[in-house]
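A.B. asks: structure here, sequence nowhere to be found:
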Ligand SMILES: NC(=O)c1ccc[n+]([C@@H]2O[C@H](COP(=O)([O-])OP(=O)(O)OC[C@H]3O[C@@H](n4cnc5c(N)ncnc54)[C@H](O)[C@@H]3O)[C@@H](O)[C@H]2O)c1
């Protein structure tokens with residue numbers, strides 16, 4: 001049997017924003033990359049039958065179901081891809097792992113540390129049977145971000161002194177924007193912190209190879225009461241017609257914190273949904289003893305690199321266009337200079353996941369890596385609740401990091 005005869009049959013739960021992004025990546029990954037297994041988009045799950053039937057047709061899935069348990073237990077499925085809000089990640093992931101399915105779960109891993117611990121422990125147990133689990137921190141797979149990590153690992157930045165990270169949006173500046181699931185703690189776990197702060201926590205730890213060991217944080221909820229939504233959509237929604245029915249916002253609108261990394265760097269992080277004019281602005285700068293790198297998602301094909309080892313007269317920021325065949329992930333795409341976009345990070349994520357599952361390797365970030373991010377989120381929340389007091393990040397337990 002040739003390697004191309006091997007199939008991984010995927011079942012995806014949730015088909016809205018991330019479901020669409022993942023579907024596109026599942027559809028594309030074998031067409032771009034030569035992989036040891038072929039993806040089959042077997043089953044998609046949503047709760048409304050006519051909507052999920054339409055989504056299956058539109059997004060390219062062979063079939064659909066309205067019950068995620070049926071998907072997880074199906075003999076026709078090898079991989080469960082979780083694209084639902086955080087309140088269902090834990091239950092679906094643990095059931096899928098127990099059923100022997102490989103799991104790709106969107107970030108943040110869970111809504112609480114307790115859930116994330118259970119998930120990491122379940123992944124560690126499943127790994128002993130060759131079952132793999134990964135969390136979807138897709139920004140790791142933007143080629144310029146992967147290249148940042150390589151520059152750090154190759155010693156081109158020297159000793160890392162500063163990490164400066166911000167992830168800024170403005171989609172809830174209007175106080176009449178409705179109370180969607182992302183603004184409810186029981187659905188989302190936290191607000192800007194877990195939704196977008198989690199990304200810059202993972203990204204900076206990935207790039208530097210250092211982990212956040214302690215934090216001092218502030219969080220704020222600027223608009224405390226909002227109209228109830230008429231629909232359940234994520235980032236775009238309509239308010240209740242008369243606007244009189246309202247409910248409390250139970251998550252942070254913004255979170256800022258300073259942190260220490262375990263390799264000696266000091267860091268600042270800012271995550272906000274109130275940064276007027278900033279739509280999806282993720283920016284990271286890292287200063288080392290030998291150089292600096294800067295990544296800006298709005299210019300995701302580029303990396304700014306300052307190499308302080310060059311002769312003084314030639315020093316300055318270099319804009320590297322990360323589209324050469326030598327750059328991470330790029331050889332399979334277009335000729336140099338033919339840029340890629342946001343969605344490609346998901347295709348790269350699926351490439352790495354399929355490759356790992358098919359070859360019996362451990363995909364990253366593992367559930368244990370994602371638990372560590374959750375422990376940082378928890379430290380930020382505790383610090384903010386205690387007047388910004390210095391708060392150490394609780395280490396994960398041995399049984400949780402075996403994955
Ligand atoms: N990696 C990224 O860049 C990124 C971006 C956005 C969201 N996310 C993450 O992806 C996840 C989903 O976010 P989204 O923006 O796609 O949300 P969304 O509101 O657009 O979609 C959620 C989907 O889950 C479905 N759903 C909810 N509960 C379900 C259940 N019990 N059974 C079956 N389906 C259910 C909804 O019907 C909907 O299809 C979240 O964890 C979020 O943090 C990641």
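C.D. replies: Looks like it arrived, so ask away. Predicted model, so just to flag it, every value in this text is computed and none were measured. Numbers count the residues shown, from 1 in each chain.

A.B. asks: make it CA atoms for all contacts and neighbour counts henceforth
C.D. replies: Will do.

A.B. asks: gap between stretch 74-83 and the chain center?
C.D. replies: Centroid separation between stretch 74-83 and its chain, computed with Cα atoms, centre = their mean, to the nearest Å, is 19 Å.

A.B. asks: go through it and flag the buried ones.
C.D. replies: Applying a neighbour-count criterion of 16 or more other Cα atoms under 10 Å, one finds 77-83 buried in stretch 74-83.

A.B. asks: that one near the ligand anywhere?
C.D. replies: Yes - applying Cα under 6 Å from any ligand atom, one finds stretch 74-83 touching the ligand at residue 83.

A.B. asks: contacts for that stretch next, please.
C.D. replies: With Cα atoms under 8 Å, 6 or more residues apart in numbering as the test, stretch 74-83 has contacts from 8-15, 18-19, 42-43, 71-72, 89, 92-93, 96, 100-106.

A.B. asks: near the ligand, from those residues?
C.D. replies: Subset of those in contact with the ligand: 13-15, 18-19, 106, counting by Cα under 6 Å from any ligand atom.

A.B. asks: what count of nearby residues applies to the residue in the stretch 251-400 of the chain that the ligand sits nearest to?
C.D. replies: Relative to the ligand, the nearest point of the stretch 251-400 of the chain is residue 346 (8.1 Å; Cα to the nearest ligand atom). Here the number of neighbours of residue 346 (other Cα atoms under 10 Å) works out to 26.

A.B. asks: what residues are up against it?
C.D. replies: Going by Cα under 8 Å, 6+ apart, residue 346 touches 21-22, 25, 138, 141.

A.B. asks: closest to the ligand among those residues?
C.D. replies: Within those, proximity to the ligand (Cα to the nearest ligand atom) peaks at residue 138, which comes in at 5.3 Å.

A.B. asks: can you give me phi and psi for residue 259?
C.D. replies: As for residue 259, its main-chain torsions (degrees, to the nearest 10) stand at phi -150, psi 160.

A.B. asks: next up, the contacts around it.
C.D. replies: Going by Cα under 8 Å, 6+ apart, residue 259 touches 212-216, 266-269.

A.B. asks: I'd like these as CSV, with distance to the ligand, neighbour count and secondary structure appended.
C.D. replies: CSV is the format used below for these (distance: Cα to the nearest ligand atom, whole Å; neighbours: other Cα atoms under 10 Å; DSSP: H, G, I helix; E, B strand; the rest coil):
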residue, distance to the ligand, neighbour count, secondary structure
212, 21, 25, strand
213, 24, 19, strand
214, 24, 21, strand
215, 22, 28, strand
216, 24, 23, strand
266, 25, 16, strand
267, 22, 20, strand
268, 21, 18, strand
269, 18, 22, strand
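
A.B. asks: tabulate those (JSON lines), appending pLDDT.
C.D. replies: As requested, the contacts of residue 259 are exported to JSON lines (pLDDT from 0 to 100):
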{"residue": "212", "pLDDT": "98"}
{"residue": "213", "pLDDT": "97"}
{"residue": "214", "pLDDT": "98"}
{"residue": "215", "pLDDT": "98"}
{"residue": "216", "pLDDT": "98"}
{"residue": "266", "pLDDT": "98"}
{"residue": "267", "pLDDT": "98"}
{"residue": "268", "pLDDT": "99"}
{"residue": "269", "pLDDT": "99"}
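
A.B. asks: for the residues you listed, which one is nearest residue 354?
C.D. replies: Distance to residue 354 across those (Cα to Cα) is lowest for residue 212, with 29.2 Å.

A.B. asks: name the nearest residue to that closest one, ignoring sequence neighbours.
C.D. replies: The shortest distance from residue 212 to any non-neighbouring residue, by Cα to Cα, 6 or more residues apart in numbering, is to residue 261 (4.3 Å).

A.B. asks: secondary structure element for residue 370?
C.D. replies: Counting by DSSP states H and E, the element that carries residue 370 is helix 367-385.

A.B. asks: that should have said residue 69, apologies.
C.D. replies: Counting by DSSP H and E, residue 69 is found in helix 68-73.

A.B. asks: now that helix, how far from the centre of its chain.
C.D. replies: 24 Å.

A.B. asks: list the buried residues of that helix.
C.D. replies: Neighbour counts over helix 68-73 (16+ other Cα under 10 Å) mark 68, 71-73 as buried.

A.B. asks: what's near enough to touch the residue nearest to residue 212?
C.D. replies: 210-214, 267.

A.B. asks: ok, which pair from those is furthest apart?
C.D. replies: The widest separation within the contacts of residue 261 (Cα to Cα) is 12.2 Å, between 210 and 214.

A.B. asks: what's the residue nearest to residue 212 sitting at in phi/psi?
C.D. replies: phi -100, psi 150.

A.B. asks: if we can go back for a sec, what about the contacts of stretch 74-83, which are in helices?
C.D. replies: When helices are assigned by DSSP state H, the members of the contacts of stretch 74-83 inside them are 18-19, 71-72, 89, 92-93, 96.

A.B. asks: I appreciate the help and will end here.
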